[in-house]
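S.K.: have a look; sequence and predicted model below, questions after that.
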Amino acid sequence: MRPSRLRCAEARIAGGERPASHRLSTVSHLIQPLAFLPAASTLVNGSPCGSHRMAITCARFLRFLRSIFVPTATTVAFSCLLTFFFVLYQPTRGPGDLQRLGWQAWDVISSQEPLGVDTATNPSTHPSGGEVDHSVDWWNVTKPAGSSVDTASLPLDVWAPLLPHDTGLSEIAVVRCMFDMRLTDMCSPSSTKQDDAIKGKWVRVAPDLNRQSGMWHLHLYYRRTRRLDIPLITDLQLLPASSSPSSDPSAWTKSPLSIRDGVVRAEPLFLWYKTGKTLQEMTTEERQELITEVDVLFGDGEPWFGFEKLEPATTEAQQGRRENVWVTYRRGVKAPPRAPPLHFSHDGRLKIMQVADLHFAVSSGTCRDPEQPCLPLQNGGAYNMTMSLLGRVLDAEKPDLVVFTGDQLNGQGTTWDHKSVLAKFAHEVIARRIPWAAVFGNHDDEDAQTTGWRKDQVKLMQGLPYSLVEAGPVDVHGVGNYVLKAYSADASKTQLLTLYFLDSGSYSKGFIDWFGFFTPTEYDWIHQDQIDWFLQESASINAIERPFTPDGAKDFGDVWGRQSADQHTPATRKLAKPNALMFFHIPLPESYGTADADPKTGRLLDVGEHDLEEKGSAKHNDGFFEKGLLHAAESEHRGAGFIPEVKVVGNGHCHVTENCRRVKGVWLCFGGGGSYEGYGRVGFDRRFRIYDISDYGETIRTYKRLESDEVLDEMILAGRGAPLPYTG
């Protein structure tokens, strides 16, 4: 060893540093777990005394690697273990299949179907393909739902009464507040994090019980929990201050605040709720009787589907000042039944009934322009009279589809709670299990509290039984631009009729009223993007061989031999799109244009009343009649001549206008007013328009059924017996 290096070593030993041999042995001991680094190990063991700084640096680096290697390896191993037990490992049914850990202690999950949800629902609007059981009608074949709702994923702290919650409630409270709770939730009941985790967070039922009267705002709150060890609410009662539940009083809890608190000269009324067993102790039948949702209904109409009224009314009606207010509740989950796919009968018929301009309000309403005295308000007023008339016509006509052509809601400050009105407008149709569709009118969102109300209204309509309503594409003007198709009853499921639905809007904003300070005075119209959408949809319709002949080769029996004697099969055949009808609310300017003349008689093709009121069309127009209706032909073959695909347009909006006028080959028809709550005219009966389609979609016949039960202005618009086509 050179003298300089010897002195270096001696100096370090004298300074307390261990000899290099000791250091190297220590380093070798530290790096044994890291034998996968041979280069570093060789470098340390083979380094001379002069390389001691490099050895120390390497040792520190390897020590650092070991410090991160152990926790990283532990984390990876633990993650693999968790993945195996909770993802890959599938045990037999037991507690692990019934419970899982969530934000609120134990969340219930199950491999069974959600409680109360029917697992055999009708198929969607479009018929499904695949093998067909010809022993039954294809549209009546039920099948399990494509995907069941995972109720464990539904939010527990959001009030959304249409969600199919099968989760029970643990606690209910009545809360008053000096501030409008729509702005901010400042008065929710007190709680702790522990109570939130065990009983659930407080959820506010949005409608204000004192909306029409009262010195302050009043709301219901409830807690919802998935815990298995918390007693859940099984019953509700409203009782005066001097009363209490007669049975099992220990199971009942009373809300300290009257549900009429703040209403002047109103007798106090208290909410009692009964808690029963825990979820773990309940049978399947008992779980289906749990109170799973609470809502508020204004007026005396029907509660929302699946809900029941809690007697008595929390606020009693006073004529001209306020309406009855009801607490409603739901037991279990009641999924609304779906409408079957639209289809013709075996003998080739389909009947559509148009219901125009109901103008329903929260109240029972008063009759306008009646020929006969209206019912008093305590007997249901104009609403009950209208529903009675509608039910009578439905029973007489037995339609396959009902189309509401706008202004289901009256607006004008009378429909301040839209949900309460929507719950009742289609009640007679739903009660008869008739599929129905709807478009919007100018009054339907006049009283909207928020923007985007039409989208919300579509969601509500879709939550009603037998609804076929669709929102349509979001990038097209309006809400409710959609298409329905009607199919043949035989196994071929051939499309025989197309139904177009468009949103004609409400009001357009001029220069002086776009700030919102002035009431719009002009009606909206069908815009260019809607025209483009219609042409695109029309182009996607496949041509069929017309007139259609049922495919009897695939069916059993002699069902096709029992066709009605009046069914007609012309000798000439053509390849063309099926006939189409279209519905929207506000009429086109062409509805008041010059009518076609009948080539045979020379008489104008204009039948019905149309001079009893002013024109109801919009002042502006993007040319839907010329660029849309007259552009979409039923056949692309030039030799076939131009015949429009849409044979009939059905409008509402004008209550005492109910004529059908053919303009350039297209029939433009009004439905006429069918409600006592909408304006009318003395001597003008309320009425509904019927479209009776036969010959497998070839023949379209229409007429009106009046409140006097008279059938008026029967005429054939297309097919056998109709006026000759327009030739220009």
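M.R.: Arrived safely, thanks for sending.
S.K.: now residue 523. Nearest residue, chain neighbours left out?
M.R.: Leaving aside its chain neighbours, residue 523 sits nearest to residue 618 (4.2 Å; criterion: C-beta to C-beta, 6 or more residues apart in numbering). In this view, the C-beta of every residue, glycine as well, is placed from N, C-alpha and C.
S.K.: show me what contacts that neighbour?
M.R.: Under the criterion of C-beta atoms under 8 Å, 6 or more residues apart in numbering, the contact partners of residue 618 comprise 504, 508, 522-525, 586, 589.
S.K.: now stretch 225-243: buried residues?
M.R.: Within stretch 225-243, the residues that qualify as buried by neighbour count (16 or more other C-beta atoms under 10 Å) are 225-228, 230-239.
S.K.: where along the protein do the helices fall?
M.R.: 3-14, 20-30, 38-45, 52-83, 95-98, 193-199, 284-287, 381-397, 418-425, 427-431, 453-462, 528-539, 624 (DSSP state H).
S.K.: what's the closest of these to residue 363?
M.R.: For the helices of the chain, proximity to residue 363 was assessed by C-beta to C-beta; helix 381-397 is nearest, at 7.4 Å.
S.K.: which helices and strands sit right next to the closest one?
M.R.: Judged by 3 or more C-beta pairs under 8 Å, 6 or more residues apart in numbering; DSSP states H and E, the packing partners of helix 381-397 are strand 350-355, helix 427-431, strand 687-694, strand 699-706.
S.K.: just send those back as CSV, with distance to residue 437, mean neighbour count and mean pLDDT too.
M.R.: Output for the helices and strands packed on helix 381-397, formatted as CSV (distance: least, C-beta to C-beta, whole Å; neighbours: other C-beta atoms under 10 Å; pLDDT from 0 to 100):
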stretch, distance to residue 437, mean neighbour count, mean pLDDT
strand 350-355, 9, 25, 98
helix 427-431, 10, 19, 96
strand 687-694, 13, 24, 98
strand 699-706, 17, 21, 97
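S.K.: include distance to residue 285 when you put the ones you listed into JSON lines, please.
M.R.: Listed next are the helices and strands packed on helix 381-397 as JSON lines, based on distance: least, C-beta to C-beta, whole Å:
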{"stretch": "strand 350-355", "distance to residue 285": "39"}
{"stretch": "helix 427-431", "distance to residue 285": "27"}
{"stretch": "strand 687-694", "distance to residue 285": "43"}
{"stretch": "strand 699-706", "distance to residue 285": "46"}
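S.K.: between those, which one is closest to residue 139.
M.R.: In this view, the helices and strands packed on helix 381-397 are compared for proximity to residue 139 by C-beta to C-beta, and strand 350-355 is the closest at 12.4 Å.
S.K.: the closest one pairs with which strands, and in what direction?
M.R.: When pairing is defined by DSSP bridges, strand 350-355 lines up against strand 401-405 (parallel), strand 687-694 (antiparallel).
S.K.: tilt between the first one and helix 418-425?
M.R.: Taking axes from the mean of the first three to the mean of the last three C-alpha atoms, to 10 degrees, strand 401-405 and helix 418-425 form an angle of 140 degrees between their directions.
S.K.: repeat for the last one
M.R.: Interaxial angle, strand 687-694 versus helix 418-425 (the same axes, to 10 degrees): 60 degrees.
S.K.: so the spatially closest residue to residue 289 that is not a sequence neighbour bridges to which residues?
M.R.: The shortest distance from residue 289 to any non-neighbouring residue, by C-beta to C-beta, 6+ apart, is to residue 331 (5.4 Å). In this structure, residue 331 has the following beta-bridge partners (DSSP bridges): residue 291.
S.K.: and residue 331, how far from residue 573?
M.R.: According to C-beta to C-beta, to the nearest Å, residue 331 stands 56 Å off from residue 573.
S.K.: of the two, who's got more company?
M.R.: When neighbours are counted by other C-beta atoms under 10 Å, residue 331 and residue 573 differ, and residue 331 comes out ahead with 17 against 12.
S.K.: can you give me the pLDDT of the more buried one?
M.R.: The score at residue 331 is 96. That number is its pLDDT.
S.K.: quick one, what contacts the residue sitting nearest the centre point of the chain?
M.R.: Centrality entry for the chain: nearest residue to the mean C-alpha point is residue 459, 2.6 Å, by C-alpha atoms, centre = their mean. Shown in contact with residue 459 (C-beta under 8 Å, 6+ apart): 162, 471.
S.K.: same thing with residue 171?
M.R.: Contact analysis of residue 171 by C-beta under 8 Å, 6+ apart lists 199-200, 222-223, 233, 253, 273.
S.K.: quick check: bridge partners of it?
M.R.: Going by DSSP bridges, residue 171 forms beta bridges with residue 223.
S.K.: isn't residue 327 right next to residue 296, touching?
M.R.: Yes. Residue 327 sits in contact with residue 296 when judged by C-beta atoms under 8 Å, with a separation of 6.3 Å.
S.K.: looking at these two, which is more packed in?
M.R.: Neighbours of residue 327 and residue 296, each counted by other C-beta under 10 Å, are more numerous for residue 327; the result is 26 against 22.
S.K.: quick one, grab the pLDDT at the closest residue to the more buried one other than its chain neighbours.
M.R.: Once flanking residues are discounted, residue 327 sits nearest to residue 310: 4.4 Å by C-beta to C-beta, 6+ apart. Note on residue 310: pLDDT of 96.
S.K.: in the stretch 601-728 of the chain, where is pLDDT below threshold?
M.R.: Across the stretch 601-728 of the chain, residues meeting the criterion (pLDDT under 70) sit at 638-640.
S.K.: show me where it has strands.
M.R.: In order along the chain, the stretch 601-728 of the chain carries the following strands (DSSP state E, counting those that start in this stretch): 606-607, 646-651, 660-663, 666-670, 687-694, 699-706, 711-718.
S.K.: need these in CSV (columns: distance to residue 137).
M.R.: CSV is the format used below for these (distance: least, C-beta to C-beta, whole Å):
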stretch, distance to residue 137
strand 606-607, 36
strand 646-651, 27
strand 660-663, 33
strand 666-670, 31
strand 687-694, 19
strand 699-706, 23
strand 711-718, 27
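S.K.: about what we covered before: widest-spaced pair of the contacts of residue 618?
M.R.: The distance between the two most remote of the contacts of residue 618 (C-beta to C-beta) is 14.2 Å, for 508 and 589.
S.K.: who touches both of residue 327 and residue 296?
M.R.: What both residue 327 and residue 296 touch, as defined by C-beta under 8 Å, 6+ apart, is the set residue 220.
S.K.: tell me the domain ranges of the chain?
M.R.: In terms of domains, the chain is parsed into 3-84, 151-331, 350-511+519-552+568-718 (source: automatic domain parsing).
S.K.: skipping adjacent residues, who's closest to residue 477 in space?
M.R.: Using C-beta to C-beta, 6+ apart, the closest residue to residue 477 is residue 527 (4.2 Å).
S.K.: contacting residues for the one you found?
M.R.: 477-478, 505, 622.
S.K.: let's go with 10 Å and repeat that
M.R.: Going by C-beta atoms under 10 Å, 6 or more residues apart in numbering, residue 527 touches 476-478, 502-505, 533, 620-622, 624.
S.K.: is it true that residue 594 touches residue 663?
M.R.: Yes. Under the criterion of C-beta atoms under 10 Å, residue 594 lies in contact with residue 663, with a separation of 7.2 Å.
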